[in-house]
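Asks: with the input below, show me the fold.
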Amino acid sequence: MPDFDVLCIGNAIVDIIARCDEAFLVDNDIIKGAMNLIDVERSALLYERMGPAVETSGGSAGNTAAGVAGLGGTAAFFGKVSNDHLGEVYAHDIRAQGVAFDTRPLMGHPPTARSMIFVTADGERSMNTYLGACVELGPEDVEEDKARAAKVTYFEGYLWDPPRAKEAIRTTAEIAHAAGREVSMSLSDSFCVDRYRQEFLELMRSGTVDIVFANEHELMSLYQTASFETALEAIRADCRLAIVTRSENGSIAMTREEKVAVDAMPVSNVVDTTGAGDLYAAGFLYGYTRGRGLADCARLGSLAAAQVIGQIGPRLQTSLKDTAQQAGLL
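Replies: Next comes the predicted model:
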């Protein structure tokens, strides 16, 4: 078993992405900019109402795995799909990105997860997600050889919703740490933080998680403060490495000994912010697993994020590796 740069654990979701106007969100009771959990009936209703769409393997951690592979890194993924059409779509698509994906599919009900993502003119995305087979991910799906082999394991906070997935993540973290590896997580979104604030803090303070990715809204929600600086100092004390993204204001990466701020990469036209945080994490982790300094890691993250928000969907239509090389980052 060769080493992997990053093992990602997340909800294996087929993204179904379409443009819409603001009125569509209002008419269909969709909370703008959030990830709304829905049942299978509502997913069918929204699918019927949405316009022309693009279907791709998605989910936050799946996007990160694909981004790592797109930079030339080695990535693996744990996530549960069903043995149905969308499950086949997901497995084929993520493997085509160069990601090792061997989680056994669920035989039967519930069906593979899908997320209807509505993108408004400002590039904001509103996700309506039926988790389906995702909730069946459990400790039996942990592949010990991959957990030991990955330099960094990365999981999405969204995965804290299904109870058995928590056990899978804790099991993977134990294996990774026993092998001298590191574990990272994304806070995912402010609503997710509101649901699991104390559990997320416990993961950081106990050392179960070494590295945390957050945006500024998630960070301030985590510490229930309106002061960005207060929240920064709090997370700096609570985990070994924290990375905070600030959209057009760039990002901050910090340990207890070091703090660097990096500007955002310029984007001529923001088309769709789907996957921006996921691709930032991919760029950062790619640099990190190669021993690059925090500033270089953050620049790689910013470059990857800038590329994805200039197009529809999280799968880059140009070579991320070539783009990074042209920018002098590889």
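
Asks: pLDDT score for the residue nearest the centre of the chain?
Replies: Geometric centre of the chain, nearest residue: residue 60, 2.9 Å, by CA atoms, centre = their mean. pLDDT for residue 60: 91.

Asks: which non-adjacent residue is nearest it?
Replies: Among residues not flanking residue 60 along the chain, residue 156 sits closest, at 4.1 Å (CB to CB, 6 or more residues apart in numbering). In this view, the C-beta of every residue, glycine as well, is placed from N, C-alpha and C.

Asks: cool, residue 259 as well?
Replies: residue 252 (6.8 Å).

Asks: and what about that neighbour, helix, strand or coil?
Replies: Here residue 252 is strand, with the state taken from DSSP: H, G, I helix; E, B strand; the rest coil.

Asks: before we move on, the earlier item: how many residues are close by the residue nearest to residue 60?
Replies: 29 (other CB atoms under 10 Å).

Asks: just residue 258 next, same as before
Replies: Neighbours around residue 258, by other CB under 10 Å: 11.

Asks: from what I see, it and residue 294 are in contact.
Replies: Yes. Contact between residue 258 and residue 294 holds when scored by CB atoms under 8 Å: they sit 6.3 Å apart.

Asks: hang on, isn't the residue nearest to residue 259 packed against residue 235?
Replies: No. Contact between residue 252 and residue 235 fails when scored by CB under 8 Å: they sit 10.1 Å apart.

Asks: shared neighbours, the two?
Replies: residue 244 (CB atoms under 8 Å, 6 or more residues apart in numbering).

Asks: show me the helices in the protein, by range?
Replies: 22-27, 40-49, 60-70, 85-96, 144-149, 163-178, 190-205, 216-223, 228-238, 276-288, 294-308, 320-326 (DSSP state H).

Asks: and the fifth one, which residues are buried?
Replies: Residues of helix 144-149 classed as buried under the neighbour-count rule (16 or more other CB atoms under 10 Å) are 146, 147, 148, 149.

Asks: quick revisit: residue 258 versus the residue nearest to residue 259, what's the distance?
Replies: 11 Å (CB to CB, to the nearest Å).

Asks: check residue 211 too.
Replies: 14 Å.

Asks: what of residue 307?
Replies: For residue 307, the distance to residue 258 - CB to CB - is 27 Å.

Asks: could you do residue 330 as well?
Replies: In terms of CB to CB, residue 330 sits 23 Å off from residue 258.

Asks: give me the low-pLDDT residue ranges for the chain?
Replies: 1-2 (pLDDT under 70).

Asks: pretty sure residue 113 sits against residue 134.
Replies: Yes. Contact criterion CB under 8 Å: residue 113 and residue 134 qualify, at 4.5 Å.

Asks: overlap in contacts, the two.
Replies: Shared contacts of residue 113 and residue 134 (CB under 8 Å, 6+ apart): 11, 12, 13, 59.
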